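J.: Fold the stuff below for me.
(chains A and B)
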Amino acid sequence: MTGFEYELAEALAAQLGVKAQMVQNSWDGLVPALQRGNFDIILNGLEITDEHRRQIAMSRPYYAYAQQIVVRKETDGLSRLEDLKGKRVGILGASVAQRLLEKAGGVDLRVYPGNVEVFRDLNNGRIDAALQDLPIAIYYLKKEPALKASGEPFGIGYYGIGVRKGDATLLQALNEAIKRLRADGTLERICAKYDLWDTRQTLLASYQEESLAQQRAVSTLREWPKYLPLLLKAAWVTIEISFLAMALAVVAGLLLALARLYGLAPLRWFSSVYVETVRGTPLLIQLFMIYYGLPSVGVRLNAFAAAVLGLGFNYASYEAENYRAGIQAVPSGQMEAALALGMTRAQAVRRIIMPQALRIVIPPVTNDFIALFKDSSLVSVITMVELTKMYGMLAASTYDYIGLGLITAAIYFALSYPASLLADRLEKKLRYDRDNYR
Amino acid sequence: MIATITVENLTKSYGANRVLESVSVTQYRGEAVVLIGPSGCGKSTFLRCLNQMERIDSGRVTIAGLTFEAKEGPLSAEDREKQRQLRLRAGMVFQSFQLFPHLTVLGNVMEAPMVVKDIARAEAESQARGLLQKVGLANRADFYPCQLSGGQQQRVAIARALAMEPEVMLFDEPTSALDPQLRDEVLNVMRALAEEGMTMIVVTHEMGFAREMADRVIFFDGGVIAETGTPEEMFTQPKEERTQEFLRKFLNRP
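T.: Next up, the predicted model:
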């Protein structure tokens, strides 16, 4: 392992007289993991913000960063924050860049789980620009020949070390150590090694710890008119994705089921392999493969198409099994009766078997539709901002997980319950057993 | 006399169990043949082999001039089409009715003519209404099968088979699933068909019907035709000992 923060950690450990041990963790899960006690400090580009300081203690800054716009080499004119309006801009979730751009407004934000994906999609042309912390931009620009920094860095911020709130002694010791490393030039030497030392770092000396602003807790329930439109807009994305994916799943599932039951050997084989593998592997991996994997073989889908195809083809495997069960639940005598009347097998399936099977599968298919509706939240990993993602973003900035959670859950329920009712009515309407006529 | 069905050396096994052993029968046009015999004697299987509901192991079946020969291995598209043509010549009525539950009574009768013969809806409907009249269910046209008694359902099933205008009607124990009081309404319809001169083969335990309506009775036992004759011969002076034994047991049943 090498790297700016790795070496800094070694230097700090030497100052404290301890041995540094590195623990790997996802970036957006760092704070909760620290609180759980998975490790003792966060030293990983953690910005000193009020949000972070509300949950954990932050040390003095060890680095002053700025935001850098990164574009493809051939792109011109995107050099200032204002230029990004109307453009597709990739950012990390819950980052300073996200807050800056949300405040600026009018930017088509694409939220990514990690830096690698941001730069890959920028190379792909799925996004027009990325807004990143300067050190990250510098690091990746060395490895990305087709990309360039555009314009001057802006929006000064500080990286600090995160510590659990109770660990006052550790915090104190870290603050002293950082001061000493800056004073004796170690910090400069380590930064310079990675091309990270710049004039902004003089700010570190004059940094004054501000007292944590006394923010009153936001009650999103009381201020619902402010948040509801955002959530509803995201809910529309959820609806679009769910309906299109379900339509795809129902059609593809039907074809798979027919292939498995009535097809020639190769078709039967294909269908059962498809169903077993797709059903037996995580949807999340399938989404990653479709969105991030397919471009390497020349298929570049936008996030919406990837979401619909991923969900649709995943659920097709479940629908295929529903249909298969439904078709097999139709008594075999029905097929015999149809054949005895001179129908071909295809005619018998279409006119006699399927109409009966479809009635049988209404309840399980409705079930799956409601499940898909909720599973659609998984597409946030491929940058779709749908209802759950919007909830996560709003909650991360307001810290009102409960209030927003109630509103969001209510929206989900308001959308899925009518689907259940509709299916109930449809089922009753199509029933032909005796009860229906009493 | 013109043969409607000719069966030559038909053999059928389920695994190691031989159900039919080289059966040969000829049925003439307009003839009503009744198959009787103890349970498991092969009479139902024989009927189902005629219209290829079961594959035959060897021998051949000819219905109204179309011959289907036993064949090993998977059937080709051509074979399946031949099977279908054979089925078009033979209407079948099942023990368990097998009406299509998602269609009305009228829909059940109209479906096959429209789907298979491409007959226009209006024409199919008037034909279907005529057939329902014939089986005494004109007033039930818009009911669903589940709203009918078993006897009514079986009469609809007969109308449904007749709608395809078959050369011969195959009845597979048509009254076995019915309560005794409902059997007569089905038997009456069959009786009327026989009187009209419909060629038919009936597998049944209704000895009264066999005695009264059959032109010929065939007694199956152990997968072979044990004895055949007119009802008169079969019921009053059966030659074979096993026929005598079967009838004695059967007719003396309370």
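J.: Pick out the residue of the stretch 101-250 of chain B closest to chain A.
T.: residue B:112 (3.8 Å; C-beta to the nearest C-beta). Bear in mind the C-beta positions are built from the backbone N, C-alpha and C, glycine included.
J.: Show me what the helix with the most length in chain A is packed against.
T.: Ordering each helix of chain A by length in residues (DSSP state H) puts helix A:224-262 first. Helix A:224-262 sits against helix A:265-279, helix A:303-329, helix A:354-375, helix A:387-398, helix A:401-430, with contacts defined as 3 or more C-beta pairs under 8 Å, 6 or more residues apart in numbering or on different chains; DSSP states H and E.
J.: Any chance of the ones you listed in CSV with distance to chain B and mean neighbour count as columns?
T.: Listed next are the helices and strands packed on helix A:224-262 as CSV, based on distance: least, C-beta to the nearest C-beta, whole Å; neighbours: other C-beta atoms under 10 Å in any protein chain shown:
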stretch, distance to chain B, mean neighbour count
helix A:265-279, 10, 14
helix A:303-329, 12, 22
helix A:354-375, 5, 18
helix A:387-398, 38, 20
helix A:401-430, 8, 14
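J.: Which among the ones you listed is found nearest to residue B:168?
T.: helix A:354-375 (28.8 Å; C-beta to C-beta).
J.: returning to what we had before: where's the residue of the stretch 101-250 of chain B closest to chain A, which helix or strand?
T.: Using DSSP states H and E, residue B:112 sits in helix B:105-117.
J.: following that helix, which helix or strand comes up?
T.: helix B:121-134.
J.: what angle do that following helix and helix B:105-117 make?
T.: 130 degrees (axes from the mean of the first three to the mean of the last three C-alpha atoms, to 10 degrees).
J.: how about helix B:121-134: buried residues?
T.: Across helix B:121-134, burial judged by 16 or more other C-beta atoms under 10 Å in any protein chain shown covers B:124-125, B:127-129, B:131-132, B:134.
J.: Kindly indicate which of these lies nearest residue B:7.
T.: Within the buried residues of helix B:121-134, distances to residue B:7 taken as C-beta to C-beta reach their minimum at residue B:131, with 28.5 Å.
J.: hang on, isn't the closest one packed against residue B:110?
T.: No. Residue B:131 lies out of contact with residue B:110 (C-beta atoms under 8 Å); the separation is 9.8 Å.
J.: Show me the common contact partners of the two, please.
T.: Common contacts of residue B:131 and residue B:110 (C-beta atoms under 8 Å, 6 or more residues apart in numbering or on different chains): residue B:163.
J.: what helices or strands is the helix or strand of chain A with the lowest mean pLDDT leaning on?
T.: Ranked by mean pLDDT, DSSP states H and E, the weakest helix or strand in chain A is helix A:50-55, scoring a mean of 78. Helix A:50-55 is packed against helix A:30-36, with contacts defined by 3+ C-beta pairs under 8 Å, 6+ apart.
J.: starting at the chain centroid, how far to the helix it packs on?
T.: Distance, stretch centre to chain centre, for helix A:30-36: 19 Å (C-alpha atoms, centre = their mean, to the nearest Å).
J.: which residues touch the next helix-or-strand element following it?
T.: Downstream of helix A:30-36, the first helix or strand assigned by DSSP H and E is strand A:41-42. Applying C-beta under 8 Å, 6+ apart, the contact partners of strand A:41-42 are A:30-31, A:34, A:56, A:161-163, A:170, A:174.
J.: now do 10 Å
T.: Under the criterion C-beta atoms under 10 Å, 6 or more residues apart in numbering or on different chains, residues A:9, A:12, A:20, A:23, A:25, A:27, A:30-31, A:33-34, A:52, A:56, A:58-59, A:160-164, A:167, A:170-171, A:174 lie in contact with strand A:41-42.
J.: Now, those that are in helices?
T.: Counting by DSSP H, the contacts of strand A:41-42 contribute A:9, A:12, A:30-31, A:33-34, A:52, A:170-171, A:174 to helices.
J.: and which of those residues is nearest to chain B?
T.: Distances from chain B to those, taken by C-beta to the nearest C-beta, are shortest for residue A:33, at 57.0 Å.
J.: How about the backbone phi and psi for residue A:61?
T.: phi -70, psi 150 (degrees, to the nearest 10).
J.: Against chain B, how distant is it?
T.: Applying C-beta to the nearest C-beta, to the nearest Å, the value for residue A:61 to chain B is 73 Å.
J.: Beta-bridge partners for that residue, please?
T.: residue A:160 (DSSP bridges).
J.: which ones are touching it?
T.: A:47-48, A:157-161, A:178, A:182, A:201, A:203-204, A:207, A:209.
J.: hmm, which of those residues are the buried ones?
T.: The buried subset of the contacts of residue A:61 - by 16+ other C-beta under 10 Å - is A:47-48, A:157-161, A:178, A:182, A:201, A:204.
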